[in-house]
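Undergrad: okay, here's the prediction I keep looking at, along with the sequence it came from:
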Amino acid sequence: MVPSVTASRSVLPLRGTAGSVAVVRAGELIAGYEPESELERAMTEDPELLEGLAWGTPRPGHPEGSVAAHVSDLLRRIDARGETGERRRLLRLLSIVHDAFKGRVNYRLPRMGENHHAMRARRFAEGYTGEERVLTVIELHDRPYGLWRRWRRTGELGEEAFEAMMGRVKDTELFLAFVELDASTEGKHAEPVAWFREQLEIRGYSVP
């Protein structure tokens, strides 16, 4: 269900110099952005999401800087791949929301549970959709990388953690597609995703 969006929620107010107020719209943050559904439109008119999209500077894994720049890159890649229909709708939605709450994380505390950016993104998305296959991908999109890091560091796969993750995934193909898409941008490494795909194949999951 898409909540009603009032005019007061359609822009992000930013305090400027001398008390002036500027407003930012999604199209000003995400290069070339135009919503393709009412759900997209509602989400990208929410000041919470706009604030999150504006957050970020160049850093390891994200040389592009802001979350919005990362989203813009992902949307371009979705276009370049010729994604259409339901898969395009879902990948766009995931791209827009998945990293938008990194700025809300308290970095003085462990980045886990409700203080993880992916969980914060899920909580935001829950206000707009009850589609569990989407919510789960948002929440777990960084988990394969975390398992890969553990494997590289300790030599142990963490079988229980892997199966616990996959036990919650409602759409394996969508999960893999978004993990691969997210990792295709500049600054990301291909090895963790190749490892994840291999682990799925070993366990008999149906992957394209």
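TA: Cool, the structure landed. Residues are numbered from 1 along each chain as shown.
Undergrad: show me what contacts the closest residue to D99 other than its chain neighbours?
TA: Nearest non-adjacent residue to D99, counting by CB to CB, 6 or more residues apart in numbering: V67, 5.0 Å away. Using the backbone N, CA and C atoms, a C-beta is placed for each residue, glycine as well. Residues in contact with V67 (CB atoms under 8 Å, 6 or more residues apart in numbering) are 52-56, 99-100, 102-103.
Undergrad: now with 6 Å, please.
TA: Applying CB atoms under 6 Å, 6 or more residues apart in numbering, we find V67 in contact with 53, 55-56, 99-100.
Undergrad: are any of these buried, and if so which?
TA: By neighbour count, with 16 or more other CB atoms under 10 Å, the contacts of V67 hold 53, 55-56, 99-100 as buried.
Undergrad: least confident pick among these?
TA: Ranked by pLDDT, these bottom out at G56, which has 78.
Undergrad: excluding its backbone neighbours, what's nearest it?
TA: S66 (4.3 Å).
Undergrad: coming back round to it: how close does the residue nearest to D99 get to E126?
TA: V67 is 19 Å from E126, where distance means CB to CB, to the nearest Å.
Undergrad: and the residue nearest in space to the middle of the chain, how close does it get to R108?
TA: Central residue of the chain (CA atoms, centre = their mean): H98, 1.7 Å from the mean position. Separation of H98 from R108 (CB to CB): 23 Å.
Undergrad: E131 too?
TA: Per CB to CB, E131 is found 33 Å from R108.
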